[in-house]
Each structure stands twice: as C-alpha cells, then as structure tokens.
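K.L.:
this one's sequence-less:
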C-alpha cells in the first residue's frame, strides 16, 4: 500500500487509517460493546495488515482506547517498524478545562497508557466542547502548548481534530497545522467540510477524513444500524442511505465499499479514518478499498443530492 507524507514532516501514512475509538468500548456512542479480547484480536489484525496508521484520543472510552492499544503493542513486541500512531490532546472530562497545563497532562496520560515516549501525530481535540475556548487560543494556551510539544520532539506532526466547521476554519487560519481531522462531514450523504478541505489543501495540510460511513450506517446498513453520525435516525433521515443502498444493490456493490472509496478517490484526502470493532473488519475494509466499482455507479451516486448542514447538530455528545 502506498504511503503519503504529512506536509513537511517525516511521517508517511497509508491511505487508510483505522480509527480505534470503538475499540475502547463506547456503547453510549456506537450502541454496542467491545470486550478486551475482541479489541486485542482487532489490534493484532491491524498490526499484521498493510495499513501503518491508527488514530485514537486521550478521552476515547475515558482512556480505554489508548490503554488497550498499549496492551496490544506490548503483546505484539512493541510498535511495528514504520507504524504511525495518532492521538489527541483532550480537555479535562470533569471540569472542561483545556489550558496549557491540561494539554501537557493529556499528553503525559496518553504516553503512559500507550507505553510510548512520543507519538508521530498529535491533534488538539474538540475545542468546541471546552469550558473556555480562550484557554486554548490565548497566548501560552493549549494551542501554543501543542506546537511546543512538537518543538520538543514529542510529536512529528500536529493538527486540529474537531467538528464545528465554522470554528474549525477560523482556527485553521490562525495556526500552521500539519494536518487536520474532520469527521462525518465528507461522506456520500454530507459534504459540509468543503470549505475546510479547500483551505487545508491551499496550505498543504494533510487532510484526514474520518467516519466515511457516517458513523457506521453506510457500512452496516440502515436496517441493521438506524443511526447517523452517532444519533438515532428516523425513516426520513435514513432515506438518503436507503437510496445509496438501492443503487449499490443494482450493481452488486457493498455500500461500505462505495462510502470508503468516495473518500479515498478525493485527491485532497491523505488518509481515510475507518472505525473498526472486530478483527474481520480489517480484511473487509481492505477488500472494499480495492474493489472495482463501475463508472455507471459513480455517475449515479454523484447525481444524488447531499446535505451540507451540520450532521451532528442533534448529537448528544458522550465519551463512553
């Protein structure tokens, strides 16, 4: 699998990245449980695959995602050669505090759980959910601490990972990030990240597009998982998904393959972050990525309407 360099850094990543939030057991967000054994087996499959990139965060599953990665790395014998781990600085989950001191503690907590002394990629995460945004953006705040961490060699590339597009664009314009993560906002059913992606491309930032399955529904199906972007969805909301499913059925294509390749075929996107929760999903993802999809299907999919509003406007945000 080819590798793409993140801006002017030594970090090279595969076009697919496996997201590991679900592997931290987050039933409140995803609606299902993931045991330690299931998570361990999934990490083993990832490390043995052609993908060299996983993404996690300090607060995924209240730290369980990182802790399980650390346990899997130890069992595997350490970080595989050339493997890239991306994690995130997070606010204090109890107080919402997100100043420079909290940012530094967040990194220290992550490194302890992961069993590492540094990471390749580090994002500042979800500033819109902090108690006081000025703690992040002021001189000497969490954002400045992020870049200080990079200067100290504790991360090779630093970026911004969040949801709110308007705030994200403003923050991207104020700091020289290497990369960004947008989630649920560039999919077959939602294209609200267009301005974000256009600006990032103009600055040479590596775009990491997360949640190409709109929280899982485009991979598992509207009947199996009637949720869009982590929120329950009624039949009106699911109608765009069912149209995609119907088109894919005509051409004998898995909707998940179309959803994944929609992201991967966008030349602006360096890597697509796909959540996984079972070891068999690793092979399935790689099969979807390499599947031959007919031009006629792409033409039909491109002709479908799509949303440009906030896909998480009604989401009840949970950390577990």
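P.N.:
Now that the structure is in, tell me what you want to look at. Keep in mind the model is a prediction, meaning the values are calculated, not measured.

K.L.:
For burial, what's the neighbour tally of the nearest residue to residue 38 once chain neighbours are set aside?
P.N.:
Among residues not flanking residue 38 along the chain, residue 278 sits closest, at 6.3 Å (C-beta to C-beta, 6 or more residues apart in numbering). From N, CA and C alone the C-beta is placed, and that goes for glycine too. Burial of residue 278 is recorded as 16 neighbouring residues (other C-beta atoms under 10 Å).

K.L.:
Repeat that for residue 173.
P.N.:
Residue 173 has 9 neighbouring residues, counting by other C-beta under 10 Å.

K.L.:
I'd assumed residue 199 was in contact with it.
P.N.:
Yes: between residue 173 and residue 199 there is a contact at 7.1 Å, judged by C-beta atoms under 8 Å.

K.L.:
Tell me the first helix or strand C-terminal of the helix or strand of the chain with the lowest mean pLDDT.
P.N.:
Lowest on mean pLDDT, DSSP states H and E among the helices and strands of the chain sits helix 27-30, with a mean of 90. Later in the chain than helix 27-30, the nearest helix or strand by DSSP states H and E is helix 36-47.

K.L.:
Show me what that following helix is in contact with.
P.N.:
Residues outside helix 36-47 that contact it (C-beta atoms under 8 Å, 6 or more residues apart in numbering): 18, 20, 23-25, 54, 68-69, 71-73, 75-76, 80, 83, 276-283.

K.L.:
Counting neighbours, which of those end up buried?
P.N.:
Buried members of the contacts of helix 36-47, counted by 16 or more other C-beta atoms under 10 Å: 18, 20, 23-25, 54, 68-69, 71-73, 76, 83, 276-279, 281-282.

K.L.:
Let's see which of the residues you listed end up in helices.
P.N.:
Among these, the residues falling in helices (DSSP state H) are 68-69, 71-73, 76, 281-282.

K.L.:
got those residues as TSV, with pLDDT columns?
P.N.:
Compiled in TSV, those are given as follows (pLDDT from 0 to 100):
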residue	pLDDT
68	98
69	98
71	98
72	97
73	97
76	95
281	97
282	98
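
K.L.:
Make a markdown table out of those residues and add distance to residue 299.
P.N.:
As requested, these are arranged in a markdown table below (distance: C-beta to C-beta, whole Å):
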| residue | distance to residue 299 |
| --- | --- |
| 68 | 42 |
| 69 | 41 |
| 71 | 46 |
| 72 | 42 |
| 73 | 44 |
| 76 | 43 |
| 281 | 29 |
| 282 | 30 |
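
K.L.:
Nearest to residue 310 among these?
P.N.:
Among these, residue 281 lies closest to residue 310 (C-beta to C-beta), at 27.6 Å.

K.L.:
What distance do you get for the closest residue to that closest one other than its chain neighbours to residue 65?
P.N.:
Setting aside the residues directly before and after it, residue 281 is nearest to residue 42 in space (C-beta to C-beta, 6+ apart), at 7.3 Å. As for residue 42, its distance to residue 65 is 11 Å (criterion: C-beta to C-beta, to the nearest Å).

K.L.:
Next: residue 210.
P.N.:
Using C-beta to C-beta, residue 210 is found at 14 Å from residue 65.

K.L.:
Of those two, give the one with the bigger neighbour count.
P.N.:
Neighbour totals were compared for residue 210 and residue 65, and residue 65 leads with 29 against 21 (other C-beta under 10 Å).

K.L.:
I figured residue 259 was touching residue 219, is that so?
P.N.:
Yes: Residue 259 is within contact range of residue 219, at 6.7 Å (criterion: C-beta under 8 Å).

K.L.:
Are there residues contacting both of the two? Which ones?
P.N.:
With C-beta under 8 Å, 6+ apart, residue 259 and residue 219 have common neighbours residue 213.

K.L.:
which residue ranges form the strands in the stretch 201-320 of the chain?
P.N.:
Assigned strands in the stretch 201-320 of the chain, in chain order: 206-210, 227-228, 231-232, 269-275 (criterion: DSSP state E, counting those that start in this stretch).

K.L.:
Quick one: mean pLDDT over the last one.
P.N.:
Translated: strand 269-275. Per-residue pLDDT over strand 269-275 has a mean of 98.

K.L.:
With stretch 252-261 instead?
P.N.:
For stretch 252-261, mean pLDDT rounds to 98.

K.L.:
Buried residues in it, which are they?
P.N.:
Of all the residues in stretch 252-261, those buried under the rule 16+ other C-beta under 10 Å are 253-261.

K.L.:
do stretch 138-152 as well
P.N.:
Neighbour-count burial for stretch 138-152, counted by 16+ other C-beta under 10 Å, picks out 141-146, 149-150.

K.L.:
Out of the residues you listed, which sit inside helices?
P.N.:
Residues from those lying in helices, with DSSP H as the criterion: 142-146, 149-150.

K.L.:
need these in JSON lines with distance to residue 184, can you?
P.N.:
Formatted as JSON lines, those follow (distance: C-beta to C-beta, whole Å):
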{"residue": "142", "distance to residue 184": "24"}
{"residue": "143", "distance to residue 184": "23"}
{"residue": "144", "distance to residue 184": "29"}
{"residue": "145", "distance to residue 184": "27"}
{"residue": "146", "distance to residue 184": "23"}
{"residue": "149", "distance to residue 184": "27"}
{"residue": "150", "distance to residue 184": "27"}
